[in-house]
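In: structure here, sequence nowhere to be found:
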């Protein structure tokens, strides 16, 4: 039987290979993790950015040649969205039309722009060392495919612009629902734009859950109205897109589905109560995925103080409640994973240089209860045994720093492990 990893490779290749955007992924990232601290790295970075600009410009030209233009948005739909949310568009929403095979380029450019130089590569390395993805996983390709394969539309959070493919037809009810969903994203983005400075992965996922969840709620209400008026039911998801999501690593699947699975019920509840309460949520949004999943909790979180390391730090991030939960779901029952993850207080990890050509990860998690910390430690010990079975020689350990705090290490040398075990 074909494995999920093999299936994922086949699905991604079949879905986006014809579009061409995958051909640019490897070249722009080649040797990104080698010689990072040397001066030549800046030259490589500049070259990559220049090549990326050329690719983006070429993608735009191809798009214009294969469709392009804008979609005329019905005025009544604009008014309906404004009425639902008690907000007015600051400017008329613009919905761009793009060739379906070019959408992946747009998604790729947006991801790389938001995460900054080396942001995707650093996360890929960190995710592998923590155990969120496998050695053979291609993070950027998987994220791009998950957002573009089978999609009729996509919203660019950074530019505040919406895109539909050349397969979009406003006469079709599902495409009308797609347009409505995009209009909600544009409206909320105009009034509550993302911070200029990146807030961190967990905060960004919380914001995405809020905005995308609200848009998903609007789409669901649209389908309910159509079901009552004309008997039209929401169609099933594209077969290829559904298979792709199911074949993703557990962690990425959780990140992709969090807005729909958790963000939508959260925003639906407040939307039904009143525009005032929903508006207050948007003005003072949750800053963690835990706050989205457990909105009634009064637990406060703060940045994790992590120990210093001798070599250069490339990434200082947090997995958050969602990252903990999905890491646990890789090997535990969903209920057990949720029980432990629900006690999350804060976490943080460092990706740092460990030797001339390798990197290490230090990850610390603090829990509300010592029982949750102990349960996490037991899972970590089992995961470490499995991770040690790879061909690459690594040094891994998980220890309890205090009754409620765990440190996880995956480094390249025994000396680094010894230094960081109790620092």
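Out: Ah, there it is. Computed from a prediction, not measured in an experiment: that's the story for all the values here. Residues are numbered from 1 along each chain as shown.
In: use CA for all of it now, contacts and neighbours both
Out: OK.
In: is residue 362 in a helix, a strand, or coil?
Out: strand (DSSP: H, G, I helix; E, B strand; the rest coil).
In: what's across from it in the sheet?
Out: Taking DSSP bridges as the rule, residue 362 bridges to residue 350, residue 409.
In: that one contacts residue 351, correct?
Out: Yes: Residue 362 lies in contact with residue 351 (Cα atoms under 8 Å); the separation is 6.9 Å.
In: excluding covalently adjacent residues, which one is nearest to residue 355?
Out: residue 412 (7.4 Å; Cα to Cα, 6 or more residues apart in numbering).
In: can you tell me how far that neighbour is from residue 384?
Out: Distance from residue 412 to residue 384, counting by Cα to Cα, to the nearest Å: 14 Å.
In: residue 209 is in contact with residue 185, correct?
Out: No: with contact defined as Cα under 8 Å, residue 185 does not reach residue 209; the gap is 11.6 Å.
In: who has more neighbours, these two?
Out: It is residue 209, of residue 185 and residue 209, that has more neighbours when counted by other Cα atoms under 10 Å, with 29 against 24.
In: which one is that one nearest to, not counting chain neighbours?
Out: For residue 209, the closest residue by Cα to Cα, 6+ apart turns out to be residue 259, at 3.8 Å.
In: any idea whether the one you found is helix, strand or coil?
Out: helix.
In: now swap in residue 393 and tell me
Out: coil.
In: can you report how many residues lie near the residue nearest to it when sequence neighbours are not counted?
Out: Excluding the flanking residues, the one nearest residue 393 by Cα to Cα, 6+ apart is residue 412, at 7.4 Å. Residues lying near residue 412 (other Cα under 10 Å) number 21.
In: ok, now which ones touch residue 412?
Out: 354-355, 358-360, 393-395 (Cα atoms under 8 Å, 6 or more residues apart in numbering).
In: what residues sit buried inside the lengthiest helix in the chain?
Out: Counting by DSSP state H, the longest helix found in the chain is helix 201-230. Residues of helix 201-230 classed as buried: 201-220, 222-223 (neighbour count, 16 or more other Cα atoms under 10 Å).
In: over to stretch 336-345?
Out: Buried, per 16+ other Cα under 10 Å, within stretch 336-345: 337-338, 340-345.
In: before we move on, what about stretch 166-178?
Out: So for stretch 166-178, counting by 16+ other Cα under 10 Å, buried means 166, 168, 170, 173-178.
In: quick one: terminal-to-terminal distance for that stretch?
Out: 13 Å.
In: and that stretch, what's its mean pLDDT?
Out: The predicted model assigns stretch 166-178 a mean pLDDT of 91.
In: check which helix or strand residue 400 maps to.
Out: Using DSSP states H and E, residue 400 sits in strand 395-402.
In: what's in contact with that strand?
Out: Under Cα under 8 Å, 6+ apart, the answer for strand 395-402 is 373, 377, 380-381, 384, 388, 406-414, 417, 421-422.
In: pull out the buried positions in that strand.
Out: Buried-residue list, strand 395-402, by 16+ other Cα under 10 Å: 395-400.
In: out of those residues, the closest to residue 142 would be?
Out: Among the buried residues of strand 395-402, residue 396 lies closest to residue 142 (Cα to Cα), at 26.7 Å.
In: distance of the closest one relative to residue 418?
Out: From residue 396 to residue 418 the distance is 10 Å (Cα to Cα).
In: re earlier: buried residues, the following helix or strand past the longest helix of the chain. List them.
Out: Sequence-wise, the next helix or strand downstream of helix 201-230 (DSSP H and E) is helix 239-247. Across helix 239-247, burial judged by 16+ other Cα under 10 Å covers 241, 244-245, 247.
In: and helix 239-247, what other elements does it pack with?
Out: Under the contact criterion of 3 or more Cα pairs under 8 Å, 6 or more residues apart in numbering; DSSP states H and E, helix 239-247 touches helix 4-16, helix 139-148.
In: name the residues of the helix or strand hosting residue 386 that come out as buried.
Out: In this assignment (DSSP H and E), residue 386 forms part of helix 370-387. Buried residues in helix 370-387, counting neighbours by 16+ other Cα under 10 Å, are found at 372-374, 376-377, 379-381, 383-384, 387.
In: for the contacts of residue 412, pick the one with the most neighbours.
Out: residue 360 (26 neighbours).
In: how close does that one get to residue 142?
Out: 23 Å.
In: next: residue 119.
Out: Residue 119 is 15 Å from residue 142, by Cα to Cα.
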